[in-house]
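> next come a sequence and a model predicted from it.
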Amino acid sequence: MRVVQRGEGESAYAVVACLHGDEPCGAVAIERFLASDASLAEPVTFVIANERALDAGVRFVDEDLNRAFPGDSESDSHESRLAARLLTELDGTRVLDLHSTRSFADPFALVQRRSAVTAALAATTGVSRVVDISAVPGGLVGHVDGVAVECGYKGTEAAAENATRILRTFLAANGLLDAPFQRSDPTLFEVTGVVEGAGFEFCGRNFERVTAGEVFARRDDEVERAAEPFYPVLMSTDGYDEIVGFQSRRVGPLSQAEW
Ligand SMILES: [Zn+2]
């Protein structure tokens with residue numbers, strides 16, 4: 001794990017990358033920022049979490065780090081030890097957690113703790129959509145006050161550029177970096193369920209409404225039809241081994257949602 005603090009004193013904010021080693025965009029964004037001569041108004045901690053998995057180009061070594069919290073510093077599992085160390089490093093900070101995906105090109109935010117703090121953090125990422133995924137337990141942003149952002153397709157330069165912009169927007173909108181930024185009022189989607197199953201081809205579009213009775217996934221001669229209307233989130237053909245992705249409902253503008 002690589003931890004770099006910029007500025008003196010105790011950090012109130014942290015930027016985390018590479019909980020998943022096969023998602024390099026956040027590490028690129030952090031390296032670019034650290035290589036720049038930008039100065040920060042307050043100390044910020046930057047973390048490249050799973051360096052071993054990043055170097056190997058794999059999602060994880062022993063287990064999914066984003067499902068290993070709170071972790072155990074004595075564990076035989078590399079990611080369980082990392083999880084425990086990460087929570088110690090991030091204690092008391094507000095966190096931006098950078099990811100990438102197989103599901104969608106445009107960046108979107110994810111929150112697991114519903115609070116005024118996390119709603120404000122989501123708006124400081126500048127993205128146009130935010131997903132409340134508190135229905136699915138686990139994840140770093142369920143254990144700290146923070147927002148995760150899916151920055152685009154895994155391994156693409158577009159995702160690295162998005163991550164770079166989102167990192168700077170987050171720092172500027174939180175008053176840490178003197179730079180232009182655009183705060184957003186993202187549309188809130190709330191995860192209501194998971195679609196299980198391996199080997200399905202997803203044939204809908206994420207964040208676009210699936211109507212009741214519509215086919216949204218198929219596998220050989222088998223089809224999945226929507227029992228009720230929903231909005232797909234993180235759905236893809238090859239993003240997960242055991243699930244197609246998540247169903248959600250569209251709540252509306254985050255600023256008008258009840259939290
Ligand atoms: Zn990830």
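Yep, that arrived. Numbering: from 1, shown residues only.
> confidence score at the closest residue in space to residue 23 that isn't next to it in sequence?
Once flanking residues are discounted, residue 23 sits nearest to residue 100: 4.3 Å by CB to CB, 6 or more residues apart in numbering. For the C-beta atoms, the positions are set from N, CA and C on the backbone; glycine is no exception. For residue 100, the pLDDT comes out at 97.
> SS state for residue 100?
strand (DSSP: H, G, I helix; E, B strand; the rest coil).
> okay, the residue in the stretch 151-259 of the chain that the ion sits nearest to: pLDDT?
With CB to the ion as the measure, residue 154 is the residue of the stretch 151-259 of the chain nearest to the ion, at 8.4 Å. pLDDT for residue 154: 96.
> repeat for residue 259
Reported pLDDT for residue 259: 76.
> quick check, it in contact with residue 119.
Yes. With contacts counted by CB atoms under 8 Å, residue 259 reaches residue 119, the gap being 5.3 Å.
> if we go by neighbour counts, what in the longest helix along the chain is buried?
Criterion DSSP state H: the longest helix present in the chain is helix 157-173. Buried residues in helix 157-173, counted by 16 or more other CB atoms under 10 Å: 159-173.
> enumerate the residues of the stretch 51-200 of the chain near the ion.
Remark: the part of the stretch 51-200 of the chain in contact with the ion comprises residue 99, using CB under 5 Å from the ion.
> quick check, the residue in the stretch 51-200 of the chain closest to the ion?
Taking CB to the ion, the stretch 51-200 of the chain has residue 99 as its residue nearest the ion, at 3.4 Å.
> what's across from that residue in the sheet?
Beta bridges link residue 99 to residue 150, judged by DSSP bridges.
> ok, it - contacts?
19-20, 23, 25-26, 148-151 (CB atoms under 8 Å, 6 or more residues apart in numbering).
> also residue 59?
Shown in contact with residue 59 (CB under 8 Å, 6+ apart): 20-23, 53.
> who does the helix or strand harbouring residue 130 pair up with?
Element membership for residue 130 (DSSP states H and E) is strand 129-132. Paired strands of strand 129-132, with direction, are strand 108-111 (parallel), strand 187-196 (parallel) (DSSP bridges).
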